[in-house]
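In: sequence first, then the predicted structure:
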Amino acid sequence: MQVQKRIKRGETYQLILKILGVVGVASIAVLAPNALQTISMLQGGGKRRSLYYLTSVLGRMESRGFVAIHKEGENGVVSITEKGKRELDRYRFHEKSLEKKRWDKKWRIVIFDIKEYKRGTRAKIRVELKNFGFVILQQSVWVYPYECEEIIRLLKADYRIGKEILYIIAEKIENDIWLRKRFKL
C-alpha cells in the first residue's frame, strides 16, 4: 500500500515558487508535466484533478501578486513577481530558521513603533515575527537568538516601514534565563 502525503495550500505555493525561483519563467505546458507529477504524488488524486488543482492554485497566486500569468500562443506563461520573490525569500528564511544553529551568545532584538493608523500592518508584523520564532519581550519588543537581519530587511520592504523598525544586536539581556529555556539554549 502506497502512502501519500497531503500538502497544504501554503506548501503548494512554496513548491511552485521554488520551481519558478529556479527556472524564473515557465510555460504552463512545460511546468505542468513535472509539477503535476510532483503535486499529484503529494496531493493524491488523478491527473485531471491535479491539473485543475494546479491551475486554481496558480490563479490564487496570481490574485495575491506572487506570479504573473500571460498567454503566449496556446500556452500560458508563468513568471515569478517581485512580491513572489520576497515570499520565496520568506520561505527560505523560515526553513533556515528551523535548522539547528549554534548560538553566538548574542540576542537579536526587534523594536517597532508603528502608528495607530497602520494598526493592520502592526498586527501583521506581530504575526510574522511570531511565525519566525521570535519571542515577545515587551509590547512591540521581540527577541530572537540567531542572525535574522535578512528577515527584518524583508519585513521593512514588504510593509514599507523602514524607519519604524529597529534591529539591535545585544550581548546581554537582564534575567534572560527564561529566554534561554524558551529557545533551548
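Out: Happy to help now that I have it.

In: surely I16 meets E62?
Out: No - at 11.0 Å, I16 and E62 do not qualify as touching, with contact defined as C-beta atoms under 8 Å. Backbone N, C-alpha and C define where each C-beta goes, glycine included.

In: of the two, who's got more company?
Out: Neighbour totals were compared for I16 and E62, and I16 leads with 25 against 16 (other C-beta atoms under 10 Å).

In: hang on, that one in a helix?
Out: Yes - secondary structure assignment places I16 in a helix (DSSP: H, G, I helix; E, B strand; the rest coil).

In: can you give me the domain boundaries for the chain?
Out: Each structural domain of the chain that the record assigns through automatic domain parsing is listed here as a residue range: 9-84, 100-182.

In: what's the local residue count around the closest residue in space to I151 that isn't next to it in sequence?
Out: The shortest distance from I151 to any residue that is not its chain neighbour, by C-beta to C-beta, 6 or more residues apart in numbering, is 4.9 Å, and that residue is F93. Other residues near F93 number 15, with proximity taken as other C-beta under 10 Å.

In: where does F93 land on pLDDT?
Out: The confidence metric pLDDT takes the value 71 at F93.
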